[in-house]
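>>> I would like the atomic coordinates for the input below:
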Amino acid sequence: MDKDYKTILKLFRSVCGNKYVITQNWRKYPYTNGWRFGKGDALAVVKPANLIEIWNTLKICIEKKLIVIMQAANTGLTGGSTPDKKNYDRPLIIINTIRIKDIHILKDGHQVVALGGSSLFDLENIIKPYEREPHSVIGSTSIGATVIGGICNNSGGSLVHRGPAFTELALYARVNEKYELELINELDINLGSNPEEILENLQNKNYTAKDIIYSEKCASDKGYSKIVREVHSEIPARYNSDKRLLYGASGSAGKIAVFAVRLDTYPSPKKKKVFYLGTNDPNDFWEIRREILQKFKNLPRLGDYLHRDCYVTAQNYSKDTFMLIERLGTNFLPFLFSFKRIIDLISSKIPFLPKNFSDRLMQFLGSLLPNHLPKKMDNFRNNFEHHWIIEMTDEGIIEARDYFVKFFKDKNADFFECNERESKKAMLHRYVSAGAFGRYFIMNEKKVGKMITIDVALSKNQKNWFEKLPEKLNKLFIKKLYYGHLFCHVFHHNYILKKGVCPDKTMSEILKIYDKIGAEYPAEHNVGHEYRAKPHLKDFYRDLDPTNFFNPGIGKTSKKINWK
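Here you go, the predicted model:
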């Protein structure tokens, strides 16, 4: 190793300790490889224990002209929190914040301050005694995703009345035009006058109620519940490059180092009811969506769509995940996913074991288990191509029930009202369907080509919401799996190509179709290294990070210092 590199590593160890400066390739693997996309290398992975250690690590990186990628749970889907291959002009360091899990309760649980590595799962449990909920209670909550990761990517929004993760209240570090480290306190909490004092006081919760300012700044997306109802608008309800939601830490995509964010929480519903809808005509769901969003007094809590092909693929390829969550709960999932990564890393070093050994083993064990889905759901699978899970709360339950009885009376479509057991299974099946795509690919990789994914937001007035591709494209696929959030018109389209088909060219052709109808992409997974940042988003990144110190190359931008 280069002598200067040894000096750099020694400096990191003096700040964070030997154990938390990772240089061995096998130990770096979970940090340098993305959840589904993206991989590269790093000189080291540094895991600070507190905010001061992050600050001091950043100072070393500036002194030594290093690239910094800020990372927490590394659960992103477009490679935005990992290195992207090579082609960097400086050595690269990953600063992983997962050890810093503190969450401070404000205003009797109506707000929180969440530090770097705090997870949505942690937040959900901490505010439960206050009868409050976090921004997200499905999907990201279960896999250990962090609160700050959601804010930096404006992610989520599947809960219809809440919108994307957003705040104007944050504490973060940036590197200015003079290559100087600055600490920006926009938390609206009086914490002191210099960086070390501010960070120490926040870490130790050394502030009182008098130090907290309640201003006009937003700690959530206040306007979304109105925006999502605008069914005649040509603008999508939510998407990652929405200028309305680019503010400081929000949408920053790793171009700053975010220490903490201050967020609103939401009251937990007293009653919930899931309605399961099925049809063979996409126009039925178009009509229901417009009626509910325009005329209902109470917005649904969520409305997740699942195509029959996705239903069947998940039934066959996500059964093991379903059963594990059902038996052990979602609190087991972060451990499971971490354990899977370790098993796959170890098995990759053993010649006689197949690649992705953990998935193959789990698929085999799952195949031995009986059918796990209710008969009513399977009947809908047999009879209907399109499935929609709608959850209503409190007064909205009666409103929806009365409407569905009337709507389906003379339709070649149907619905049923889920009991508690069916509700849990329907919601869980929709959740695990997202992983079925990857499992199917792994189990059939010798027979199929590459895979591509598109995360797209359609305009709110787009009637033809169900994708119909030209035959010249359709013949390129072995499988297409569709699911998404129908009320806000955000969809996740997963494609498995035939052997020899170019994924980049095919994806480009599909995106051209979406460009023509005014769709936006990505919708909630952010650009990462998979999508090209639009000009105004690139400008936002450059304003935050004028020297290109943090996460260079994001959104297919320059990886060079000073954006050369």
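
>>> where does pLDDT dip in the stretch 1-150 of the chain?
Applying pLDDT under 70 to the stretch 1-150 of the chain flags residues 1-3, 35, 138-144.

>>> where along it do the strands fall?
For the stretch 1-150 of the chain, the strands defined by DSSP state E, counting those that start in this stretch occupy 21-22, 44-46, 67-71, 92-96, 103-106, 111-115, 132-133.

>>> nearest to R262, out of those strands?
strand 111-115 (5.0 Å; CB to CB). (Glycine included, C-beta is placed from N, CA and C.)

>>> for Y247, what are its contacts?
Contact analysis of Y247 by CB atoms under 8 Å, 6 or more residues apart in numbering lists 166, 168.

>>> so which of the strands of the stretch 1-150 of the chain gets nearest A400?
Using CB to CB, those put strand 132-133 closest to A400, at 20.1 Å.

>>> need the strands of the stretch 1-150 of the chain in TSV (columns: distance to I198 and mean neighbour count).
Formatted as TSV, the strands of the stretch 1-150 of the chain follow (distance: least, CB to CB, whole Å; neighbours: other CB atoms under 10 Å):
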stretch	distance to I198	mean neighbour count
strand 21-22	25	21
strand 44-46	21	24
strand 67-71	18	25
strand 92-96	18	24
strand 103-106	14	18
strand 111-115	13	24
strand 132-133	27	20
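
>>> okay, the ones you listed in CSV with distance to G553 next?
Below are the strands of the stretch 1-150 of the chain laid out as CSV (distance: least, CB to CB, whole Å):
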stretch, distance to G553
strand 21-22, 22
strand 44-46, 18
strand 67-71, 9
strand 92-96, 10
strand 103-106, 32
strand 111-115, 27
strand 132-133, 36
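
>>> need the three-state assignment for the residue lying closest to P30 once chain neighbours are set aside.
Spatial nearest neighbour of P30, chain neighbours left out: R341 (5.0 Å); criterion: CB to CB, 6 or more residues apart in numbering. Using DSSP: H, G, I helix; E, B strand; the rest coil, the structure places R341 in helix.

>>> and R341, how many neighbours does it have?
16 (other CB atoms under 10 Å).

>>> begin at 36 from now on, thanks
Done: numbering now begins at 36, and the last item shifts to R376.

>>> per-residue pLDDT of it, please?
pLDDT recorded at R376 is 71.

>>> give me the below-cutoff pLDDT ranges for the stretch 286-435 of the chain.
364-373.

>>> quick one, strands of it?
Ranges of strands within the stretch 286-435 of the chain are 292-299, 301-302, 307-314, 337-342, 421-428, based on DSSP E, counting those that start in this stretch.

>>> tell me what angle the last one forms with strand 337-342.
For the pair strand 421-428 and strand 337-342, the angle between their directions (axes from the mean of the first three to the mean of the last three CA atoms, to 10 degrees) equals 170 degrees.

>>> picking up where we left off before, what's the closest of the strands of the stretch 36-185 of the chain to E555?
Nearest to E555, of all these, is strand 102-106, at 25.4 Å by CB to CB.

>>> remind me what the closest one packs against, helices and strands.
helix 86-98, strand 127-131, strand 292-299 (3 or more CB pairs under 8 Å, 6 or more residues apart in numbering; DSSP states H and E).

>>> can you say which of the ones you listed is packed in most?
strand 292-299 (a mean of 26; mean count of other CB atoms under 10 Å).

>>> number of residues surrounding K375?
Other residues close to K375 by other CB under 10 Å number 16.

>>> contacting residues for it?
Going by CB under 8 Å, 6+ apart, K375 touches 393-394.

>>> ok so, going back, with distance to V80 added, can I get the helices and strands packed on strand 102-106 in TSV?
Converted to TSV, the helices and strands packed on strand 102-106 look like this (distance: least, CB to CB, whole Å):
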stretch	distance to V80
helix 86-98	11
strand 127-131	5
strand 292-299	15
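
>>> pLDDT of the helix or strand containing K547, averaged?
For K547, the host element (DSSP states H and E) is helix 538-551. If you average the pLDDT over helix 538-551, you get 96.

>>> show me what counts as buried in that helix.
For helix 538-551, burial by neighbour count (16 or more other CB atoms under 10 Å) applies to 541-542, 545-546, 549.

>>> how about residues contacting it?
484-487, 489, 491, 504, 508, 511, 528, 530, 532, 556.

>>> distance between that helix and the chain's centre?
Relative to its chain's centre, helix 538-551 lies at 23 Å (CA atoms, centre = their mean, to the nearest Å).

>>> and if you look at stretch 423-432?
For stretch 423-432, the distance to the chain centre is 24 Å (CA atoms, centre = their mean).

>>> ok, back up a step: of the buried residues of helix 538-551, closest to W598?
W598 has its nearest neighbour among the buried residues of helix 538-551 in L546, at 24.8 Å by CB to CB.

>>> how close does that closest one sit to L504?
12 Å (CB to CB, to the nearest Å).

>>> I381 too?
41 Å.

>>> who's more crowded, the two?
Neighbour tally, I381 and L504, criterion other CB under 10 Å: the higher count belongs to L504, 16 against 13.
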